[in-house]
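Peer 1: Have a look; sequence and predicted model below, questions after that.
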Amino acid sequence: MSVLHDLEQVIKSRKSADPESSWTAKLLAKGPEKCAEKFGEEAVEAIIAAVKNDRENLTYEAADVLYHMLVMLAARDVPLDDVLTELARRQGLSGIAEKASRG
Ligand SMILES: N=c1c2ncn([C@@H]3O[C@H](COP(=O)(O)OP(=O)(O)OP(=O)(O)O)[C@@H](O)[C@H]3O)c2ncn1[C@@H]1O[C@H](COP(=O)(O)O)[C@@H](O)[C@H]1O
């Protein structure tokens, strides 16, 4: 199990947790749209750090992005393994060839 898989399990367990005791439970209780919005906010913060070439902050914000990505996926019942399978399918296929295959 990877750190991401471990985190996915914790996030799934928070679906039935008390929103008063867990940030994840609180966020999930607000619904998939709010989870998606939060992911977008965290992505923007990572973009700003990248544009500023602030590597320390980019590392911190990228962790926030990955966590909020997993919350967003969980809110829509998309397993991390489905995302990883899609990434694995693309391995060995250049981005240019992949785009052309979509025609
Ligand atoms: N990785 C994370 C993680 N990353 C970020 N966050 C929280 O995400 C929240 C949003 O970050 P923001 O910077 O937007 O802070 P904010 O409080 O909303 O601030 P404003 O935007 O309101 O100014 C913060 O409260 C962070 O603590 C996380 N909360 C939880 N996890 C993981 O999830 C596990 C379960 O957490 P709980 O659900 O809280 O038990 C934890 O053990 C961690 O492993």
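Peer 2: Thanks, I have the structure now.
Peer 1: which stretches of this structure have low pLDDT?
Peer 2: Across the chain, residues meeting the criterion (pLDDT under 70) sit at 1, 103.
Peer 1: what's near enough to touch the spatially most central residue of it?
Peer 2: The C-alpha lying nearest the average C-alpha coordinate of the chain belongs to residue 69 (CA atoms, centre = their mean; 1.4 Å). With contacts taken as CB atoms under 8 Å, 6 or more residues apart in numbering, residue 69 has the following neighbours: residue 39. To be clear about C-beta, it is placed using only N, CA and C from the backbone, and glycine gets the same treatment.
Peer 1: Work out for me the element it sits within.
Peer 2: With elements delineated by DSSP states H and E, residue 69 resides in helix 55-75, which encompasses its position.
Peer 1: and what of residue 13?
Peer 2: helix 3-13.
Peer 1: who touches that helix?
Peer 2: 24, 28, 66, 67, 70, 71, 73, 74, 79, 80.
Peer 1: For residue 29, give me its contacts.
Peer 2: Shown in contact with residue 29 (CB under 8 Å, 6+ apart): residue 19.
Peer 1: That should have said residue 61, apologies.
Peer 2: Under the criterion of CB under 8 Å, 6+ apart, the neighbours of residue 61 are 42, 45, 46, 48, 49.
Peer 1: cool, and residue 21?
Peer 2: Contacts here follow CB under 8 Å, 6+ apart; on that basis residue 21 touches nothing.
Peer 1: sorry, back to before: any idea how far the helix holding residue 13 is from the middle of the chain?
Peer 2: The offset between the C-alpha centroid of helix 3-13 and the centroid of the whole chain comes to 11 Å, using CA atoms, centre = their mean, to the nearest Å.
Peer 1: Buried ones in it, by neighbour count?
Peer 2: Counting neighbours by 16 or more other CB atoms under 10 Å, one finds that the buried residues in helix 3-13 are 7, 8, 11.
Peer 1: now, which of those residues sits nearest residue 91?
Peer 2: The closest of those to residue 91 turns out to be residue 8 (CB to CB; 21.1 Å).
Peer 1: Appreciated, that's everything.
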